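S.K.: What shape does this take:
(2 chains)
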Amino acid sequence: MMNFVEELRWRGMLHDIMPGTEEQLNKGMTAGYLGFDPTSDSLHVGSLAQIMTLIHFQRAGHKPFALVGGATGMVGDPSGKSVERNLLSEEVLNHNVSGIEAQLKRFLDFDCGPTSAVLVNNYDWFKGISFLEFIRDVGKHITVNYMMAKDSVKRRLEGETGISFTEFSYQLVQGYDFYYLWKEKNCQLQIGGSDQWGNIVTGTELIRRKDGGTAFALTTPLIKKSDGTKFGKTESGTIWLDAAKTSPYRFYQFWINASDEDVKNWIRIFTLKSREEIEALEQEHALAPHLRILQKALANEITTRVHSEEALETAISTSEFLFGNGSLIFLKSLSDVAIMNVFEGIPQFTITRVEFSQGIQAVDLLAEKSAVFTSKSEARKMIQGGGVSINKEKLGDASQVISTADLINDRYLVVQKGKKNYYLLIVG
RNA sequence: GGGGGGAUUCCAGAGCGGUCAAAUGGGACGGACUGUAAAUCCGUUACUUCGGUUUCGAAGGUUCGAAUCCUUCUCCCCCCA
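M.R.: I've put the predicted structure just below:
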């Protein structure tokens, strides 16, 4: 059985750990939990690091609880926030909780005997607790002085905007989660991101003061990018785990585009590859960096885990088609639905078949019938500059006539403005 | 209230009667190179049926001809009260 803490340590996934935690884990199977915030109906690549932590936890022979914050989500965690958050409606929250639960089920093993993962929603135990009960049974054990000393609270007290009682009490609510799971499920460890340390410690403190019990804490570092920008975001937005929000192709591209510097950290965090495997890959990568061996290894494993083997293959062939010398044969082999998938998020224009049937000059097609270009001269200039391709073939002449014979699957035309700007023209 | 300066094509900023669709720099976009990177180099950067057409704060005027001269208006900035 592997040593969980040691595993996190070499992967660079350990930020802070409470004394005694490692000893407890080495004693034998320990139950631990990690909470997910239902601020959206899907998890994103940022949450993926937490999921990986739980996967390692289970692989190390421990019992993971994945908690979805149906209750805490109603309150709002002030950690890392400089202003008061907007409350989500119950309806949205329920929707988000079920979306996240469905995703979490993919990653952990829920049927493997004693170390089976368990999914819990803190709303289940909070819904029965009255306000008076809570402030008598929980609030009594923690002083306001203690709560105010927390960084997340302190910063808000010093700031201009202040903090509502609701967000102020958040740490108690999360602290009670830990107490409840400790008491009812023998859950002795809470894992979280480094910003959660304060909240977790309130939990261990509550367990100590209320029942004289011992519980442990472990946090993972914030994932950084070498260029200083935020991890998990691109120009086009957050990278979600939900295929409907971020297509597997985009997801795959996100990892493929990792810089050499970042990929060395990320491959440790987001894959289950062993130290030896990773070091071997790194050596191979160093010999031929342009092959992007590390990025590919990372993207392949993670796309398969989050989506599927088939999704990965489509993502690879899509990437080859769009960036490499991928051929039209790939596109021609796809169904209409699959084509729409490949071109998801790419500007599309529809042209009537009548207009198209007698043939159309390239300039008119691109500037008049579609909005690839805003004017004909612009289109003409770029064609002359060698910057426009139709169906992967460079357009040599602006007056070239495009007709039905050029269509892919008798419906589509793939237009490229420069290398990276794709447009899909659909003849309908 | 008095005096002065300015408004130019995405931005900054030249031009001061024809040779100006307007220098130059930046940005953006394309090409080459490359690792779907950075740097570098090259090109494009009002519209067009390639004949022309509409642009230089707005409206008028002078002139064969105006971004450039005159008048009025609008808006900015500075100095003195």
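S.K.: For chain A, list the residue farthest from the centre, please.
M.R.: A:Gln358 (47.5 Å; C-alpha atoms, centre = their mean).
S.K.: Run through the residues that contact that residue.
M.R.: By C-beta atoms under 8 Å, 6 or more residues apart in numbering, the residues touching A:Gln358 are A:Ser403. To be clear about C-beta, it is placed using only N, CA and C from the backbone, and glycine gets the same treatment.
S.K.: what pLDDT does it get?
M.R.: Note on A:Gln358: pLDDT of 83.
S.K.: for it, phi and psi?
M.R.: Taking degrees, to the nearest 10, you get phi -90, psi 10 for the backbone angles of A:Gln358.
S.K.: What's the separation between it and A:Ile402?
M.R.: To A:Ile402, A:Gln358 is 11 Å away according to C-beta to C-beta, to the nearest Å.
S.K.: Repeat that for A:Asp16.
M.R.: Going from A:Asp16 to A:Ile402 by C-beta to C-beta gives 62 Å.
S.K.: more crowded one of the two?
M.R.: A count of neighbours by other C-beta atoms under 10 Å puts A:Ile402 above the other of A:Asp16 and A:Ile402, at 22 against 16.
S.K.: Run through the bridge partners of that one.
M.R.: Applying DSSP bridges to A:Ile402 gives these bridge partners: A:Ile360.
S.K.: I figured it hits A:Leu365, correct?
M.R.: Yes: taking contacts as C-beta atoms under 8 Å, A:Ile402 lies within contact range of A:Leu365: 5.6 Å.
S.K.: For A:Glu205, the count of nearby residues, please.
M.R.: Number of residues near A:Glu205 (other C-beta under 10 Å) recorded here: 18.
S.K.: What are the structural domain limits within chain A?
M.R.: Domain assignment for chain A by automatic domain parsing gives A:4-220, A:233-326, A:348-427.
S.K.: Give me the distance between the second one and the centre of its chain.
M.R.: Pointing back at domain A:233-326 there. Mean C-alpha position of domain A:233-326 versus that of the full chain (C-alpha atoms, centre = their mean, to the nearest Å) differs by 13 Å.
S.K.: ok, that domain near RNA strand B or not?
M.R.: Yes: using C-beta under 7 Å from any atom of the strand, a contact is recorded between domain A:233-326 and RNA strand B, made by A:253, A:256-257, A:259-260, A:289-290, A:292, A:295, A:319, A:323.
S.K.: For stretch A:19-27, list every residue counted as buried.
M.R.: For stretch A:19-27, burial by neighbour count (16 or more other C-beta atoms under 10 Å) applies to A:21-22, A:24-25.
S.K.: Need the max-distance pair from those residues.
M.R.: A:Glu22 and A:Gln24 (7.3 Å; C-beta to C-beta).
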